[in-house]
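[1] Just a sequence and a predicted model for now, questions to come.
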2 protein chains.
Amino acid sequence: MKRASIKDLARIANVSHSTVSRALSRNPLVNQATAERIRRLADEHGYRPSAAARSLVTSRTATVGVVVTNITDPFAAEVVSGIEEAALEHDYSVFLANSNAEPAREVKVVRSFEERRVDGVIVTSSRVGSVYAGLLAKAEVPIVLLNNQHPGEFLHSVMIANPEAATEAVQHLLALGHRRIAYVGDRLGRQSDTERFAGYRVALDYADVPFCPEYVVHGDGKPEGGGAAMRRLLALDEPPTAVFCYNDMTALGAMRAIRDAGLRIPEDVSVVGFDDLFVARYMDPPLTTVRQPMRRMGRMAFETLHSLVSDAGSGQNIKVPGELIVRQSTAPVRKEISCNFSTAPKSTAGGSNVSDSNISGS
Amino acid sequence: MKRASIKDLARIANVSHSTVSRALSRNPLVNQATAERIRRLADEHGYRPSAAARSLVTSRTATVGVVVTNITDPFAAEVVSGIEEAALEHDYSVFLANSNAEPAREVKVVRSFEERRVDGVIVTSSRVGSVYAGLLAKAEVPIVLLNNQHPGEFLHSVMIANPEAATEAVQHLLALGHRRIAYVGDRLGRQSDTERFAGYRVALDYADVPFCPEYVVHGDGKPEGGGAAMRRLLALDEPPTAVFCYNDMTALGAMRAIRDAGLRIPEDVSVVGFDDLFVARYMDPPLTTVRQPMRRMGRMAFETLHSLVSDAGSGQNIKVPGELIVRQSTAPVRKEISCNFSTAPKSTAGGSNVSDSNISGS
DNA sequence: CTGAAAGCGCTTACAG
DNA sequence: CTGAAAGCGCTTACAG
């Protein structure tokens, strides 16, 4: 049995389908009584207008395409839930797609969004530039970027204030007396990594703590990479007494590596994360971290997209401040260690590569 | 500038738009040479067929509506990533919606899925019955349920084998010598809770361990609820030496409560979870839990939906086995405790309500 | 206030 | 092999 159409209702109500259309869209032109009669009929028959048919004439679909690297990443999930929440309020539906950071998938996803004529696209934590730029250019679909990982400005974006937040996090560590502070980054070249590293350097410089390239290692934004990177730090002659991690997922792995090495958190090593995922407060010890208002950022991304589409509002680049949440994974540096500390660990020739490229990117 | 349509291409290629349509859909009728010429033209102009226009005539949209309680729940995120993966392979797009378990939202979501004429709906971990049943009945949209929380059978579903998995988990605890084993459940009345509780009882009965109603408490499937429930257990005269938790999120809260009480895991209390979320292995200690193949279950849900739609395949109820993953949150019961244990703790009058309704539901 | 008509961008019998 | 025609289910000027 096919769904009832506007024509079916018209026949039943003994009016033209134009009138039905007007009645349902609450066009004030149509007679009150008949309008209500039609609406009642529509209700009784469980009538649902066809979004496809409507959008064919209005050329708007009330849909957004949302691309995340992987919805399995808690950060992405939080952002998407914010987007979806705001979308539903505006009667928008969201298409969700995982790019897995695979170009082949990205192409497929962009293509599908184009065919479905989404009113706009939100891309989270991706290296936008390559693939998506094409979408924007050719199809003129508005795109809003959330924590874009590609260097360079974009028209519309919502970004966390990385450098400032990172500086604050490291200053917290400095205030606790730490001097041997490491940075466990994300993959090199990603914008957030570059910016958080820059914030780390600023804090160090400000406190006149010499920068030590050996204390900069890179993971992959996930526990596995964080753990491997942490193990490299612990193998140093003078391992750090505190680490600032690119994000909470990285911190998860770092904490595991620290414990596996027989060290305690925070007594032996203080750990700071970034994001404030829900797990942060359930880790042992609860993780000190920088909170990103992820859901709110998702909402903001949708709202700017929406105003772009409906009010033809001009774009904007929104910068959101992070907030340091101090929990129990950070503690004052132990006396004996801080006394031992005199000069920066000698840097190796090879070690500086890492930090150099980081600096140049910031 | 509007998107190129089939007519635009027809004009440029000097053929009818029918021919263009055939060429693009690789209809073998059309002449090889012209077909290729048309396809090349389409490429050059970045032509993208309008999914809306197409689905208006084919009455298929190649979209699925996916409803989760909240995408922020790692279980839901894993399932959705499986669905999306399978969907993309079949050139389907997925609409994602959070119900938040709020009826008002559910109605809105279902309505939007109807208007968008999704080819099918997948509902995860919801109490399907009330709202969604209507969708199925009136609109005849195929629905596949994943871990449905409403008692009773449905046409098409993918479910974890709850009782068997729960029994296995509790038997692991029994094998370690535990006798005072508690069950920290989800909200009462949800199907998975009922079934996991049933599996717990089976294991106890099998081992001739007396059932103690006091050892059955209920949370909310989240850390907060798990923590509160655990605190109630720890306040008992004879607290349990092991707890089987409804899911990993509940275990997260339980573990925090145990530590806050100054007890150690697993030395004082062994903990078992359910799901095997990615965090399970990063908890301290790493959590023993029952693995649900969440992504695979998501894939299965999509595949059954897809075969329902395209092959007109008959529906099915798929049961997936769980897998016990033993990590370090469980250990043999301590001697002195197991010796102290003689009879089951005396049960209180009020305490039995809880277990009774659980039993009746299974 | 209401209806007839055109059209959105496709697909698909129906003729040739 | 190709084109003209009808139609999917809507919205919206245009007449009346």
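    Okay, I see it.
[2] ok, now how distant is the closest residue to DNA strand D within the stretch 251-362 of chain A from A:T304?
    Using CB to the nearest atom of the strand, the single residue of the stretch 251-362 of chain A nearest to DNA strand D is A:S310, 13.4 Å away. The way it works is simple: take the backbone N, C-alpha and C, and place the C-beta from them, glycine included. Separation of A:S310 from A:T304 (CB to CB, to the nearest Å): 11 Å.
[3] more neighbours, those two?
    A:T304 (23 against 11; other CB atoms under 10 Å in any protein chain shown).
[4] Packing partners of the helix or strand containing the more buried one?
    For A:T304, the element it lies in under DSSP states H and E is helix A:294-309. The contact analysis (3 or more CB pairs under 8 Å, 6 or more residues apart in numbering or on different chains; DSSP states H and E) places helix A:294-309 against helix A:74-89, strand A:120-124, strand A:143-146, strand A:157-160, strand A:317-320.
[5] Now with 10 Å, please.
    When contacts are defined as 3 or more CB pairs under 10 Å, 6 or more residues apart in numbering or on different chains; DSSP states H and E, helix A:294-309 packs onto strand A:63-68, helix A:74-89, strand A:120-124, strand A:143-146, strand A:157-160, strand A:317-320.
[6] quick one: which of the ones you listed is nearest A:T34?
    With CB to CB, the closest approach to A:T34 among the helices and strands packed on helix A:294-309 belongs to helix A:74-89: 31.3 Å.
[7] After the closest one, which helix or strand is next?
    Using DSSP H and E, the first helix or strand after helix A:74-89 is strand A:93-98.
[8] Chain A: strands as residue ranges?
    Along chain A, counting by DSSP state E, strands occupy A:63-68, A:93-98, A:120-124, A:143-146, A:157-160, A:181-185, A:216-218, A:242-245, A:270-275, A:288-291, A:317-320, A:323-325.
[9] Can you list the helices and strands that the last one packs against?
    So that's strand A:323-325. Counting by 3+ CB pairs under 10 Å, 6+ apart, strand A:323-325 packs on helix A:162-175, strand A:270-275, strand A:288-291.
[10] rerun that using 8 Å as the cut-off
    By 3+ CB pairs under 8 Å, 6+ apart, strand A:323-325 packs against helix A:162-175, strand A:288-291.
[11] so which of those comes closest to B:E238?
    strand A:288-291 (37.2 Å).
[12] Is the closest one positioned near chain B?
    No. Strand A:288-291 is not in contact with chain B by CB under 8 Å from any CB of the partner chain; minimum separation 14.8 Å.
[13] same for that strand, what does it pack against?
    So strand A:288-291, by 3+ CB pairs under 8 Å, 6+ apart, packs with helix A:162-175, strand A:270-275, strand A:323-325.
[14] which parts of the shortest one are buried?
    Along strand A:323-325, the positions that meet the burial threshold by neighbour count (16 or more other CB atoms under 10 Å in any protein chain shown) are A:L324, A:I325.
[15] and that strand, which strands flank it?
    strand A:288-291 (antiparallel) (DSSP bridges).
[16] how about the CA coordinates for the partner strand, as CSV?
    What follows is strand A:288-291, C-alpha atoms only, in CSV (Å, rounded to 0.1, in the frame of the first residue of the first chain):
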residue,chain,number,x,y,z
THR,A,288,43.4,16.7,34.9
THR,A,289,42.5,18.0,31.5
VAL,A,290,41.4,20.9,29.3
ARG,A,291,37.7,20.9,28.7
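[17] picking that back up, distance-wise, check the residue of the stretch 251-362 of chain A closest to DNA strand D relative to chain B.
    Separation of A:S310 from chain B (CB to the nearest CB, to the nearest Å): 18 Å.
[18] ok, A:R3 - contacts?
    Contacts for A:R3 were tallied using CB atoms under 8 Å, 6 or more residues apart in numbering or on different chains; they are A:Y47, A:R48, A:S50, B:R117, B:A139.
[19] For the stretch 251-362 of chain A, what lies in contact range of chain B?
    Residues of the stretch 251-362 of chain A lying near chain B (CB under 8 Å from any CB): A:L252, A:G253, A:M255, A:R256, A:R259, A:F278, A:V279, A:Y282, A:M283, A:D284.
[20] Give me the helix or strand of chain A that scores worst on average pLDDT.
    helix A:352-361 (a mean of 31; mean pLDDT, DSSP states H and E).
[21] For the contacts of A:R3, which entry has the maximal number of neighbours?
    Ranked by the number of neighbours (other CB under 10 Å), these place B:R117 first, at 22 neighbours.
[22] Confirm for me that that one is in contact with B:T61.
    Yes. Taking CB atoms under 8 Å as the definition, B:R117 is a contact partner of B:T61 at 5.1 Å.
[23] what touches both of these two?
    A:A52, B:S55.
[24] returning to that earlier point: any chance of the residues of the stretch 251-362 of chain A next to chain B in a markdown table with neighbour count, distance to A:T167 and pLDDT as columns?
    Shown next, in a markdown table, are those (neighbours: other CB atoms under 10 Å in any protein chain shown; distance: CB to CB, whole Å; pLDDT from 0 to 100):
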| residue | neighbour count | distance to A:T167 | pLDDT |
| --- | --- | --- | --- |
| A:L252 | 28 | 23 | 97 |
| A:G253 | 24 | 24 | 97 |
| A:M255 | 27 | 23 | 98 |
| A:R256 | 21 | 27 | 97 |
| A:R259 | 16 | 28 | 96 |
| A:F278 | 19 | 25 | 96 |
| A:V279 | 25 | 25 | 95 |
| A:Y282 | 20 | 27 | 95 |
| A:M283 | 26 | 24 | 95 |
| A:D284 | 17 | 28 | 92 |
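[25] So which of these are in helices?
    A:L252, A:G253, A:M255, A:R256, A:R259 (DSSP state H).
[26] State the distance from the last one to B:R256.
    The span separating A:R259 from B:R256 equals 17 Å under the rule CB to CB.
[27] Might you report the residue contacts of the residue of the stretch 201-350 of chain A found nearest DNA strand C?
    Closest residue of the stretch 201-350 of chain A to DNA strand C, CB to the nearest atom of the strand: A:V309 (17.6 Å). Contacts for A:V309 (CB under 8 Å, 6+ apart) come out as A:R60, A:D119, A:G120, A:P142.
[28] Show me just the buried residues among those.
    So, by 16+ other CB under 10 Å, the buried ones in the contacts of A:V309 are A:D119, A:G120, A:P142.
[29] any chance of these in JSON lines, plus distance to A:S81?
    Listed next are those as JSON lines, based on distance: CB to CB, whole Å:
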{"residue": "A:D119", "distance to A:S81": "20"}
{"residue": "A:G120", "distance to A:S81": "18"}
{"residue": "A:P142", "distance to A:S81": "22"}
